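Trainee: sharing a model that was predicted from the sequence below.
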Amino acid sequence: MTTPSPERARLAAALRELKGRTGLSLAALAAKTAFSKSSWDRYLNARTVPPRDAVQELCRLAGEPEGRCVALWEIAESQGSGRATEEAPAPPEGPPPGGDAADDGSVRRSATLVAVLASVCAVAVGGLAAVALLLPHRDAEPRASLSPAPATTGPRCQGEACEGKSAMQMKCAAGPQTLAAHRTASGAWMELRYSRECGTSWARMWSTHIGDRLEMSVGDKGGGPGADGVRSAEIENDVDADNYVYTPMTAARPGTVVRACLHPAAGGGTECFDSRVGR
């Protein structure tokens with residue numbers, strides 16, 4: 001197998017980090033994007049440079065601004081296509097005065113790097129204007145309700161304005177606090193999350209089974225099925241069961257109690273746990 005270039009290896013490492021953040025398997029990633037499972041395997045293992053669209057889709061799924069990864073992609077793509085070499089000024093014949101062949105290689109690499117960095121700057125600026133088009137999931141709003149992403153990389157809502165919305169789509173899931181985690185008797189995991197920037201909380205589950213339902217609520221909004229402020233998510237298929245599934249967000253103030261309950265499809269009783277949002 002051909003050893004990937006350093007540029008392609010750096011891009012692949014960044015993409016693997018984003019994939020880990022989404023919690024998606026290769027099959028689930030293929031189901032949520034326009035690229036196949038085998039294609040993602042090649043991209044993530046640096047066997048080939050992915051299309052720019054694939055990099056952008058993974059950034060959206062992970063709630064990551066596109067600028068950094070698009071810049072890495074531009075460098076890898078330029079090196080792979082030979083554009084970087086073509087754009088660099090040709091060095092003079094032979095080694096520079098007082099140097100040797102190794103010094104000549106340094107001159108070529110420096111000229112190439114200058115040309116690549118110039119093209120990266122232009123791409124990074126343009127990449128920030130992309131439109132967010134996340135596919136719907138259990139924690140997502142209907143696709144028709146999505147609007148173009150604002151020009152900011154910060155949260156897209158705060159407090160009550162986030163009620164019932166997706167933490168990923170609203171960019172509230174970048175660096176959230178994990179308030180508490182709980183493993184159920186069936187082996188499923190629940191986790192309570194909180195975003196200080198957005199002033200919201202939500203829950204997520206994994207290692208679940210089809211039909212499992214997760215509910216979360218904030219103490220000062222009441223609780224129980226159907227209560228105002230209760231957010232829920234359900235495992236509908238094998239793709240859901242293999243990945244993280246999130247409830248929508250609800251506003252949460254410091255000091256309030258947040259509660260999550262798992263209703264297993266196979267019976268065995270509902271399991272709940274709670275935690276308090278730090279002040």
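Mentor: Thanks, I have it.
Trainee: list the contacts of residue 183.
Mentor: Residues in contact with residue 183 (CB atoms under 8 Å, 6 or more residues apart in numbering) are 189-190. (Glycine included, C-beta is placed from N, CA and C.)
Trainee: report pLDDT for it.
Mentor: On pLDDT, residue 183 comes in at 90.
Trainee: over to it: give its phi and psi.
Mentor: For residue 183, the backbone dihedrals are phi -100, psi 130 (criterion: degrees, to the nearest 10).
Trainee: ok, residue 57 to residue 26 distance?
Mentor: Note on residue 57: its distance to residue 26, by CB to CB, to the nearest Å, is 14 Å.
Trainee: so what's residue 33 closest to, chain neighbours aside?
Mentor: Spatial nearest neighbour of residue 33, excluding adjacent residues (CB to CB, 6 or more residues apart in numbering): residue 57 at 4.6 Å.
Trainee: so the one you found, which of the three states?
Mentor: helix (DSSP: H, G, I helix; E, B strand; the rest coil).
Trainee: what pLDDT does it get?
Mentor: So residue 57 comes in at 93 (pLDDT).
Trainee: next one: residue 156
Mentor: At residue 156, the predicted lDDT confidence score is 88.
Trainee: hmm, residue 56 is touching residue 66, no?
Mentor: Yes - contact criterion CB atoms under 8 Å: residue 56 and residue 66 qualify, at 5.6 Å.
Trainee: which of those two has more neighbours?
Mentor: When residue 56 and residue 66 are compared for neighbours, residue 66 comes out ahead with 25 against 21, by other CB atoms under 10 Å.
Trainee: just the helices from the stretch 101-250 of the chain, written as ranges.
Mentor: Remark: helices assigned in the stretch 101-250 of the chain by DSSP state H, counting those that start in this stretch are 101-127, 238-241.
Trainee: mean pLDDT for those helices: which is lowest?
Mentor: Looking at these, the weakest mean confidence is helix 101-127, a mean of 43.
Trainee: can you report how many residues lie near the residue nearest to residue 214 when sequence neighbours are not counted?
Mentor: Nearest residue to residue 214 in three dimensions, chain neighbours excluded: residue 205, at 4.7 Å (CB to CB, 6+ apart). Residue 205 has 28 neighbours, counted by other CB under 10 Å.
Trainee: ok, residue 205 - contacts?
Mentor: Residues near residue 205 by CB under 8 Å, 6+ apart: 188-191, 212, 214, 233, 235, 244-245, 262.
Trainee: just those: which are in strands?
Mentor: Among the contacts of residue 205, the members falling in strands (DSSP state E) are 189-191, 214, 233, 245, 262.
Trainee: that older thread, who's more crowded, residue 57 and residue 26?
Mentor: residue 57 (21 against 15).
Trainee: can you pull out the strands in the chain?
Mentor: Using DSSP E, the strands of the chain run over 177-183, 189-195, 200-206, 213-218, 231-234, 245-246, 250-251, 257-263, 271-276.
Trainee: quick one: closest of those to residue 165.
Mentor: With CB to CB, the closest approach to residue 165 among the strands of the chain belongs to strand 200-206: 8.5 Å.
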